[in-house]
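Visitor: quick one: sequence plus predicted model below, questions after.
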Amino acid sequence: MTYIALLRGINVSGHKIIKMELLRKMLENLNFENVRTYIQSGNVVFKTSVSSISEIEKRIKDGIQNEFGFEVYVKVLTPKELNESLDKNPFLKDDSLDLKQHYFAFLDQIPIAENWEILKNLDLGREKIEVDGKVLFVHYTNGAGKSKLSNSLIESKLKLKSTMRNLNTVHKLIEMTKSELNESGA
């Protein structure tokens, strides 16, 4: 089956540097097949016979720790889950919103209600947020770099782990898994 791994915080500001060629080789050494990466920020599409997502996440996380010497949060999704996150994004229905400012925060758990209430009731200016299961949808009115709604703030208020991707990256990863979606009937 095909999966998508999203690695948080690699190759950012000179920290946790992993060359994609070395990451692909490491994953192949862990018996993952047809390993493909997209840009340098830790987006990987691959195939494996392992069906447990938590086991796949653990293998990748342990592999990175052993090979590169640091810990990285790893979020693994199926092509169907990624496609559903795109379909469920409520902000894509609003044509007045700038498509370049749509982001997805992929969470390790469904946020508990009281933590979600804390985050959504913060003074976020004109930023828009909605949650659906393990995905937080974000629209940054003036750009992600200018917002106080960082991944760190999201994690601290929701008390869970997260990694963010913009709409273009989500589209590209879906494109990279399109044949697998067609085969599964999704």
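Guide: That came in fine, so what should we check first?

Visitor: how's the protein carved up into domains?
Guide: 2-77, 81-174 (automatic domain parsing).

Visitor: dump those to CSV, plus mean neighbour count and mean pLDDT.
Guide: Yep, even glycine has a C-beta here, placed from its N, CA and C like the rest. Formatted as CSV, these follow (neighbours: other CB atoms under 10 Å; pLDDT from 0 to 100):
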stretch, mean neighbour count, mean pLDDT
domain 2-77, 16, 92
domain 81-174, 16, 95
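
Visitor: export only the CA atoms of the lengthiest helix in the chain, formatted as CSV.
Guide: Across the chain, the helix with the greatest residue count (assigned by DSSP state H) is helix 53-68. These are the backbone C-alpha positions of helix 53-68, laid out as CSV (Å, rounded to 0.1, in the frame of the first residue of the first chain):
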residue,chain,number,x,y,z
ILE,A,53,0.5,3.4,10.5
SER,A,54,1.9,3.6,14.1
GLU,A,55,4.5,0.9,13.2
ILE,A,56,5.5,2.8,10.0
GLU,A,57,5.8,6.1,11.9
LYS,A,58,7.9,4.4,14.6
ARG,A,59,10.2,2.8,12.0
ILE,A,60,10.8,6.1,10.2
LYS,A,61,11.3,8.0,13.4
ASP,A,62,13.8,5.4,14.8
GLY,A,63,15.5,5.2,11.4
ILE,A,64,16.1,9.0,11.4
GLN,A,65,17.3,8.9,15.0
ASN,A,66,19.8,6.1,14.2
GLU,A,67,20.9,7.5,10.8
PHE,A,68,20.9,11.3,11.4
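
Visitor: neighbouring contacts of it?
Guide: 3, 5, 7, 16, 18, 22-23, 26-27, 29-30, 48, 50, 70-76, 78 (CB atoms under 8 Å, 6 or more residues apart in numbering).

Visitor: cool, stretch 94-107 as well?
Guide: Residues contacting stretch 94-107 (CB under 8 Å, 6+ apart): 6, 75, 77, 85, 89, 91-92, 128, 134-141, 143-144, 151, 154, 158, 160-168, 170.

Visitor: ranges for the strands of this protein?
Guide: For the chain, the strands defined by DSSP state E occupy 2-7, 33-38, 43-47, 74-77, 102-107, 128-132, 135-139, 162-166.

Visitor: counting contacts, what elements does the second one pack onto?
Guide: This means strand 33-38. helix 20-29, strand 43-47, helix 167-176 (3 or more CB pairs under 8 Å, 6 or more residues apart in numbering; DSSP states H and E).

Visitor: as a markdown table, the ones you listed with distance to Ile110 would be great.
Guide: Listed next are the helices and strands packed on strand 33-38 as a markdown table, based on distance: least, CB to CB, whole Å:
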| stretch | distance to Ile110 |
| --- | --- |
| helix 20-29 | 28 |
| strand 43-47 | 23 |
| helix 167-176 | 19 |
